[in-house]
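Novice: Requesting a structural model of the entry that follows:
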Amino acid sequence: MSSGRRAGAVLAAALTSLGVLALAGPAGAQPDPDHLSNVPKAQPKVVARPVPNKLSRELAEIPHASGADLIDGADPSVAPAFYGYDLTDATHPLIAIPPLTAEAQKTEPDKNTYLVLSGQTGADPAADYGTHFVYQGHEAGSPGYITRINLDADRDHRITLMATQDDHGADLPDFDGSTWDPYAQTLLFTAELGSPGGGVWAKTLEPGTPAIDLRGIVGSSGYEGIQNDSAGDLWIVEDSGGTTVGHARQPNSFVYRFVPDDRTNLTKGGKLQVLQVESLANPGEPIAFHAGQAAADIASQDTIDLHSYGSTFRTKWVTIHDTDTDGTDSFDSNALAKAARGTPFKRPENGVFRPGTKFRAFAFTETGDTDIRTEAGSDGGGFGDVQVLEQKSPTADEGRLHLLFQGDAEHASFDNISWLTDRTVAVVEDRGDTFHSQGNGVQPTALDSGWAIDANVDHAHSDAGVTRFIAEGRDASATVDSALLDADAPGFTNDGDNELTGIHTSDGDPTVGGILGAKDPEPFATDDRDGHGRGRGLVWRVFFTQQHGDNHTWELVARP
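Specialist: Next up, the predicted model:
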């Protein structure tokens, strides 16, 4: 027994002799993220019945913020005042109370970005805001805004408002994705609004300063996932839903790489590139978007090849905009990607580099059609999947693409993605209310799930290595919202069921060495020491957001 554990045992014995009840039992083994226990079924959607989240038995959840938390220093009569809501008044309460059916607009905090920082300030100059923070953009309501969860602060100082306007004085849009750029020393937020509303905004760490609109630099489209590589480039994943034929959508979204002229200052411009994938059915030709041919694209051999196991595709990056020659006016990157014959995917939403690969492997999710009736099926990407792009270096112009995991009715609609270890990738679902009511092929109704997928398993030939570690439930507020939505209640504008999003594994390192993918994660640590009793320094933490309803932001920890 180490000296630390021996001292702990002596203390526990002393407390017991004094009749003091310990708050936790003896420290258990640190959960193994590669071998979490499976939650057998998704939680059901039942009319008028809230259900709790279910987790792998090794895990527990801690709520760090909820929708009704008052923003530090806010006036409740002036928007934004509450973490998960816009302005509320007598006719728009936080929760609809009969006979009212209208509610305050819920803001839906989305992608989490965790940082460990010193010297951060807030509305109260006398308050200690701590050193551990989660940054989020909000996906709904007007104005859009950015918040910081102060994990070390008391409840009165838990939420800091970071920005509501851009550098032109305009209200911010609703945001989806986020990341920290250690080269430019800014937070980056993406708006999944198409052109001209969507794009990327940069925000300093100082509360109250405006966010910088980068649509003239990086383009405007339905951007969602955004990550740095070790060279300072930005990898951006677009979610732009395509034309629907029956219950399937035409692939209409692209994967981009932005190569800045100066990685410490993104406003100086650079080159935007789109990923182009070579067809297996027509060697030498790219898999491209065909305007006016939605049905043909949905059912094409190229689409089937892209979403089926056993194929490897040649890829290359194609420059579609260069600020040196094309200027800095806002531009439609989706339109330029199509003109350059970039390869469209079925709503890819987020991506992250695999640890241990030196940024040579980038995994990204496709959400697919979010409808169990999709005519595309699994082989056509109808249920979503996880793709992996591999290159000799993150700056290489050519690479290889292959399918890591093919979705089906039970494993579907993948949204956010995060590596729990260098072997296991976590993906979370965003099925939506319609798919929830249709079930998942195993049960008649099914809410969202989070999956831990072993990247070392050949999933084409094995059912092993896939674990449901989160079966998201539905809180009471979302249960009410679902009923109001189903009843088409007058004045009701919010979503129904909870959505599982924002899965994020990070040690909060704000340096270049902390870019996601640079280190091998070690989540769910039971203390801040390694197996030899030495201090870990930065501790790996795992967060997710239960969007809609009460808009909880949770942290996953080892069960005491």
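Novice: Ramachandran coordinates for R314?
Specialist: Dihedral angles of R314 (phi, psi; degrees, to the nearest 10) stand at phi -80, psi 140.
Novice: With E349 as the reference, measure out to it.
Specialist: Noted for R314: a distance of 24 Å to E349, by CB to CB, to the nearest Å. All C-beta spots, glycine's among them, are computed from the backbone N, C-alpha and C.
Novice: who's more crowded, the two?
Specialist: Counting neighbours by other CB atoms under 10 Å for R314 and for E349 shows that E349 has the greater number, 29 against 16.
Novice: Spit out the contact partners of the more buried one.
Specialist: E349 is in contact with E224, G225, V237, D239, F364, T365, E366, T367, F414, D415, N416, D430, counting by CB atoms under 8 Å, 6 or more residues apart in numbering.
Novice: Hmm, H157 is touching Y129, no?
Specialist: Yes. Counting by CB atoms under 8 Å, H157 does reach Y129; the two are 6.4 Å apart.
Novice: who touches both of these two?
Specialist: Common neighbours of H157 and Y129 (CB under 8 Å, 6+ apart) are G122, N150.
Novice: higher neighbour count, the two?
Specialist: When H157 and Y129 are compared for neighbours, Y129 comes out ahead with 23 against 19, by other CB under 10 Å.
Novice: Return the per-residue confidence for that one.
Specialist: Y129 carries a pLDDT score of 97 in this model.
Novice: and it, how far is that from S142?
Specialist: 27 Å.
Novice: same thing with S308?
Specialist: Applying CB to CB, the value for S308 to S142 is 42 Å.
Novice: re earlier: now for the contacts of E349, which sits with the most neighbours around it?
Specialist: Neighbour counts for the contacts of E349 (other CB under 10 Å) peak at T365, which has 32 neighbours.
Novice: which element is that one on?
Specialist: strand 361-366 (DSSP states H and E).
Novice: Please name every helix or strand in contact with that strand.
Specialist: For strand 361-366, the packing partners by 3 or more CB pairs under 8 Å, 6 or more residues apart in numbering; DSSP states H and E come out as strand 348-353, strand 385-391, strand 414-419.
Novice: What's the mean pLDDT across the first one?
Specialist: So the one you mean is strand 348-353. 97.
Novice: any chance you could map the helices in the stretch 201-350 of the chain?
Specialist: Taking DSSP state H, counting those that start in this stretch as the criterion, the stretch 201-350 of the chain carries its helices at 215-218, 294-299, 301-306, 323-326, 333-339.
Novice: Of these, which stretch is the most buried?
Specialist: helix 215-218 (a mean of 24; mean count of other CB atoms under 10 Å).
Novice: Quick one: residues in contact with that helix.
Specialist: Here helix 215-218 has contacts from 196, 199-200, 234, 236, 258, 266-267, 269-270, 272, 323, 327-331, 333, using CB under 8 Å, 6+ apart.
Novice: ends of stretch 139-155, how far apart?
Specialist: By CA to CA, to the nearest Å, the extent of stretch 139-155 from end to end equals 23 Å.
Novice: Could you do stretch 407-422 as well?
Specialist: Terminal residues of stretch 407-422 lie 21 Å apart, using CA to CA.
Novice: One more: stretch 225-238?
Specialist: Across stretch 225-238, first to last residue, CA to CA, it's 7 Å.
Novice: Okay, and the beta partners of D181?
Specialist: Taking DSSP bridges as the rule, D181 bridges to T186.
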